[in-house]
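[1] Got a sequence here, can you build the structure:
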Amino acid sequence: MTKKIVANRVKHGKWGSPEYWAWASLRQRCLNPANPQFHDYGGRGITVCPEWANDFMAFYNHGPRPSPRYSIDRKDNNKGYEPGNVRWAVRGDQQRNRRNNVWITVGDETLCRQDWANRLGYTETQLANRLKRLPVQDAIKPASEATTPKRGYGYLGNRTELRDQKIHSLTIDGMSGRQVAEAMGVSRSLVCTTLRRLRR
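    Purely as a prediction, here's the structure:
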């Protein structure tokens, strides 16, 4: 370990903090071609501004993380990590800000698919499956009004899928896997397995 790194750690005293790891991670994604995520960041031109690239405290002074529910996010996904384009955001806000979001308009209202799913009582995967099978006007109906077969593709009425919807809804509201497990009386491993399956 170099004297410079040790001196920097002593100087700001924030090494190992959530803010420090957010800064270190974004630098790796943007500046290290060997990083697995580089092709989605540095590889497509996403940069770290010179002010922040080698100065953690300049990044930290932008504002500390409000709570464990928040992680670093860029307002414009085509711009880099720089003052004015970076914020701390909860999972739901970040999902609305994805490059690959699917936007759906019904009448005069346009929402991303995730927001429609939350409003209607589906997981995003379930709504995506409905949109593959049905016209938009029929697919965008509350789960309580949906007419689906009692067996087979798209069925929403069994207990497992209702449980999955609840798990998904609570995580969108910002609860951790442990909190969801405690609230629903299920194991944390079941929550993690369910979320991995729903995100495929």
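
[2] so where's this structure uncertain?
    Across the chain, the ranges flagged by pLDDT under 70 are 1-12, 92, 94-100, 144-161, 172-173, 199-200.

[3] ok, now with 80
    Where the chain drops to pLDDT under 80, the residues are 1-16, 91-103, 112, 114, 124, 143-166, 168-175, 180, 182-185, 195-200.

[4] In which helix or strand does residue 104 reside?
    Here residue 104 sits within strand 103-106, counting by DSSP states H and E.

[5] What are the boundaries of the strands in this protein?
    Counting by DSSP state E, the chain has strands at residues 71-74, 86-89, 103-106, 109-112.

[6] Which of those strands sits closest to residue 123?
    Nearest of these to residue 123, taken as Cβ to Cβ: strand 109-112 at 14.0 Å. In this view, the C-beta of every residue, glycine as well, is placed from N, C-alpha and C.

[7] Distance from the chain centre to that closest one, please.
    Offset of strand 109-112 from its chain centre (Cα atoms, centre = their mean, to the nearest Å): 18 Å.

[8] Quick one: the helices in the chain, in order.
    3-12, 18-31, 50-53, 56-60, 91-96, 113-120, 124-133, 136-139, 159-172, 177-184, 188-198 (DSSP state H).

[9] Can you give me the domain assignment for this structure?
    3-89, 113-198 (automatic domain parsing).

[10] closest to residue 107 out of those domains?
    domain 113-198 (9.2 Å).

[11] The closest one spans what distance, first to last residue?
    14 Å (Cα to Cα, to the nearest Å).

[12] And for stretch 124-141?
    13 Å.

[13] ok now it, how far from the chain's centre?
    With Cα atoms, centre = their mean, you get 22 Å for stretch 124-141.

[14] now the strands of the chain in TSV, with mean neighbour count and distance to residue 119?
    Below are those laid out as TSV (neighbours: other Cβ atoms under 10 Å; distance: least, Cβ to Cβ, whole Å):
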stretch	mean neighbour count	distance to residue 119
strand 71-74	18	22
strand 86-89	19	20
strand 103-106	13	11
strand 109-112	14	7
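
[15] Using TSV, lay out these together with distance to residue 125.
    Shown next, in TSV, are those (distance: least, Cβ to Cβ, whole Å):
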stretch	distance to residue 125
strand 71-74	22
strand 86-89	22
strand 103-106	15
strand 109-112	14
